[in-house]
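Peer 1: I would like to see how this sequence folds:
(one chain, ligands or ions: 1)
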Amino acid sequence: MQKYFTMNKARENKPHIGVFGRCNVGKSTLINKLVGQEISIVSSLAGTTTDAVKKTMEIKGIGAVVLIDTAGIDDTSELGKKRVEKAYEVFSQIDLAIIAFNNDFGNYENKLIDECKRLNIPYVLVYTKSDLLSIRKDLKATIEKTYNHKIIEFSQNNPKSVASLTKKLQNLIPPTSYQKKGILKGLIKENSVVLLVAPIDSAAPEGRLILPQVQLIRDVLDNNAIVIVVKETELEYALKNVYPNPDLVVTDSQVFDYVNKIVPNNISLTSFSIVLARLKGAFEEYVKGTPMLDKLKDGDRILMLESCAHQPTCEDIGRVKLPNMIKKYSQKSVEFDVVAGQSPFPREIKEYVMVIQCGGCVATEKQLHSRLLPIIEAKIPISNYGISIAYMSGIFQRATKMFVKK
Ligand code: SF4
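Peer 2: Alright, predicted model coming up:
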């Protein structure tokens, strides 16, 4: 198996910290003390909304972070259950979790810790009301032994406990969460010429480019490089008449085959979907899982995952073009389910022989990671739109070779 250069875990330049705990455990006081001011990050629709509330704030000694206050995880009312679901969804966005608790530490807290471990998210255990009642000695010993984590005993009246919590957060925030993401990082340099191929068909939105195209243009400009954008119909003309020749061509996957025939072999070629997969998808898993396309049988079912809900068109890639291409390539009668956004999978994951994820331009790396984790754990092969198309078009090597470690 070849080794590929995948991107660092960089996602945002502000670390995201989720604060979890039961109702009235003292999360708001904790947040106020942490940021050194009385702030409210409760929703304007408090009591009616199910969403967690996020706000960018400064923590002295750490800098700007996004703090996400979640609903009490022991709320068993009808609305409360929805809030708890939303609280768990926050795990897909965060770099670090604060788990606040009192002397009734139990199943709710264990479940939060399990989620952190499952998603590999560092966490801090904070006993919140030590100014009112000390933590039980036996409880403290059991928790610290079970989880091998030192508990922060927090008192709103004691500045030292704020300082210890800040220090702990400082030490645990992954350094990569401060880094800014760069889609083409390592592939281009200052003054490189990047040619983007953006087809405008009936699936293209009216009067604008789609998000992956916009993100790539911005990324090239951020690298002080030069970007040229053409439709596939003008590609040949551009290659012959625009000087200098590009260092890299990034195409929409749908015209991969066509573009591959036109772009000379000495120019690197890949797709929007592949560079996004390398930035924040499960790139190596995709590369490993894609050859499943050669093993499909009649009646097999494939799950197509799209990170956004968009209005499907008659030329939709996930619903029409890619399924048709797979049926033609495999010569098998394969069934497809398509799931958009964060909706639940329509069947047990084991019922699928393969999962194919879109580029995920609207998703964060964490969101994609937690979406794909149960699939990887179930050992179901995964691929992504661009890598599948490159594979079936016979250009897999060419489209991924720039990421192979030599
Ligand atoms: S999230 Fe996926 S389906 Fe939606 S625009 Fe981005 S790549 Fe396409």
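
Peer 1: okay, now the domains of this structure?
Peer 2: 16-178, 193-275, 284-397 (automatic domain parsing).

Peer 1: what's the span of the last one, first residue to last?
Peer 2: Pointing back at domain 284-397 there. 14 Å (C-alpha to C-alpha, to the nearest Å).

Peer 1: where's it relative to the chain centroid, distance-wise?
Peer 2: Mean-position distance between domain 284-397 and its chain equals 16 Å (C-alpha atoms, centre = their mean, to the nearest Å).

Peer 1: So is that domain next to the ligand?
Peer 2: Yes. Interface with the ligand: domain 284-397 contributes E306, S307, C308, H310, C358, G359, G360, C361, V362 (C-beta under 6 Å from any ligand atom). C-beta coordinates here come from the backbone N, C-alpha and C atoms, glycine included.

Peer 1: Am I right that D337 sits in a strand?
Peer 2: Yes. Checked against DSSP: H, G, I helix; E, B strand; the rest coil, D337 lies within a strand.

Peer 1: circling back: including mean pLDDT and mean neighbour count, could the domains of the chain go into JSON lines?
Peer 2: Formatted as JSON lines, those follow (pLDDT from 0 to 100; neighbours: other C-beta atoms under 10 Å):
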{"stretch": "domain 16-178", "mean pLDDT": "86", "mean neighbour count": "17"}
{"stretch": "domain 193-275", "mean pLDDT": "92", "mean neighbour count": "18"}
{"stretch": "domain 284-397", "mean pLDDT": "90", "mean neighbour count": "18"}
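
Peer 1: Can you add distance to F403 and give those domains back as TSV?
Peer 2: Below are the domains of the chain laid out as TSV (distance: least, C-beta to C-beta, whole Å):
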stretch	distance to F403
domain 16-178	18
domain 193-275	8
domain 284-397	9
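
Peer 1: For K185, find the nearest of those.
Peer 2: Of all the domains of the chain, domain 193-275 sits nearest to K185, with 8.1 Å by C-beta to C-beta.

Peer 1: so how far is that closest one from its chain's centroid?
Peer 2: Offset of domain 193-275 from its chain centre (C-alpha atoms, centre = their mean): 24 Å.

Peer 1: end-to-end on it?
Peer 2: 16 Å.

Peer 1: ok, now stretch 216-228?
Peer 2: Span of stretch 216-228 from end to end, C-alpha to C-alpha: 11 Å.

Peer 1: Stretch 21-29 too?
Peer 2: First-to-last residue span, stretch 21-29, C-alpha to C-alpha: 13 Å.

Peer 1: how far does it sit from the chain's center?
Peer 2: Per C-alpha atoms, centre = their mean, the centroid offset for stretch 21-29 relative to its chain is 28 Å.

Peer 1: So which residues make contact with it?
Peer 2: 19-20, 40-42, 69-75, 99-102, 104, 108-109, 128-129, 154, 156 (C-beta atoms under 8 Å, 6 or more residues apart in numbering).

Peer 1: What segments of this protein are helices?
Peer 2: Counting by DSSP state H, the chain has helices at residues 27-35, 78-89, 107-118, 137-147, 159-172, 211-222, 235-241, 256-262, 272-280, 283-289, 322-330, 365-377, 385-392, 396-400.

Peer 1: helices or strands next to the longest one in the packing?
Peer 2: Packed against helix 159-172, as judged by 3 or more C-beta pairs under 8 Å, 6 or more residues apart in numbering; DSSP states H and E, are the following elements: helix 27-35, strand 96-101, strand 123-127, strand 152-153.

Peer 1: go again using 10 Å as the cut-off
Peer 2: Judged by 3 or more C-beta pairs under 10 Å, 6 or more residues apart in numbering; DSSP states H and E, the packing partners of helix 159-172 are helix 27-35, strand 53-59, strand 96-101, strand 123-127, strand 152-153.

Peer 1: For the third one, enumerate its sheet partners and note whether each is parallel or antiparallel.
Peer 2: Just to be clear, that refers to strand 96-101. Applying DSSP bridges to the sheet, strand 96-101 is found paired with strand 16-21 (parallel), strand 123-127 (parallel).

Peer 1: so which of the ones you listed comes closest to V353?
Peer 2: Comparing the strands paired with strand 96-101 by C-beta to C-beta, strand 16-21 comes nearest, at 34.5 Å.

Peer 1: now the angle from that closest one to strand 53-59?
Peer 2: Per axes from the mean of the first three to the mean of the last three C-alpha atoms, to 10 degrees, the angle that strand 16-21 makes with strand 53-59 is 110 degrees.

Peer 1: now strand 16-21, how far from the centre of its chain.
Peer 2: On C-alpha atoms, centre = their mean, the centre of strand 16-21 falls 18 Å from that of its chain.

Peer 1: on that earlier part again, any chance of the strands paired with strand 96-101 in CSV, with distance to V84 too?
Peer 2: Listed next are the strands paired with strand 96-101 as CSV, based on distance: least, C-beta to C-beta, whole Å:
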stretch, distance to V84
strand 16-21, 10
strand 123-127, 18
